[in-house]
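Asker: starting from these lines, generate the structure:
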Amino acid sequence: MVETAQSPARVTMNADSIGCLWSSDCPDNLSGIAAMVVSRKVGDNRVFQTRFRSHRKARAMKLPLPQRRGQRPETTETNPRRQLTQNAPEELQEALWERMAGLPNIDTGPSLVSVPGARAIFICSDCAGGPPSSFIKAREFGHIHPVHDGSIHITLPEHVRDEALDKGWVEPHPLAARNIVPASVVMVYGPRDPQELEVVWALVQESQRFASGAAGGRSVLAV
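Answerer: Here you go, the predicted model:
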């Protein structure tokens, strides 16, 4: 169990600042399966394009994710995957980790797949109700990279992943295109300020729900 000395910073975001909320009367729409995710560089900005194949009807979900400010940070294009710019302050990294380590029904420890020093969260063996795509390896569904990086890898259900990708909070893992890791695995950029901490924390909670098999219910993002 990894312990930290600092307490998490907590910020309350209202409906105006965090964006659209769930709507009980949202119409049904066609959800898609991501067939391919590709990336290209445009100046300093990384642009992601997703091609979808519609396959079934599902209730539309309005996720209250605001647009991330500014351009995407620079990241390495090969493994080990790192965030190179716009890195999270160390105190926000520790605040995020303290929250991650305090999630219910999880264990913590070194990552099974990431670089030395990466701290991981694992769903407890009795709570692992999610599909295989909700895990990075074994029961690991997320980890935070060392302090010089501060980004995290988590798994996200399709509707959350697509919204987070569109709003600039995440990018796909390069190994997903080669089917080495599930397409659900994404890099979440480290939070630059307390408001971004709340958004990243909400995504981590969605990942925990995904791994536990609870992702089909009411999203924790609708607060």
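
Asker: from here on, just use CA atoms for contacts and neighbour counts.
Answerer: Noted.

Asker: for residue 87, which residues are in contact?
Answerer: 148-151, 189-192 (Cα atoms under 8 Å, 6 or more residues apart in numbering).

Asker: drop anything exposed from those residues.
Answerer: By neighbour count, with 16 or more other Cα atoms under 10 Å, the contacts of residue 87 hold 149-151, 189-192 as buried.

Asker: residue ranges of the strands in this protein, please?
Answerer: Listed in chain order, the strands of the chain (DSSP state E) span residues 28-42, 45-59, 106-110, 119-123, 140-144, 152-155, 170-172, 185-188.

Asker: what residues are up against the nearest residue to residue 173 once chain neighbours are set aside?
Answerer: Once flanking residues are discounted, residue 173 sits nearest to residue 186: 5.3 Å by Cα to Cα, 6 or more residues apart in numbering. Going by Cα under 8 Å, 6+ apart, residue 186 touches 153-156, 161, 170-173.

Asker: mind running it again at 10 Å?
Answerer: 136, 142, 152-156, 161, 164-165, 169-174, 176 (Cα atoms under 10 Å, 6 or more residues apart in numbering).

Asker: what bridges to it?
Answerer: Residue 186 has these beta-bridge partners by DSSP bridges: residue 154, residue 172.

Asker: test my guess that residue 129 contacts residue 214.
Answerer: Yes: taking contacts as Cα atoms under 10 Å, residue 129 lies within contact range of residue 214: 7.8 Å.
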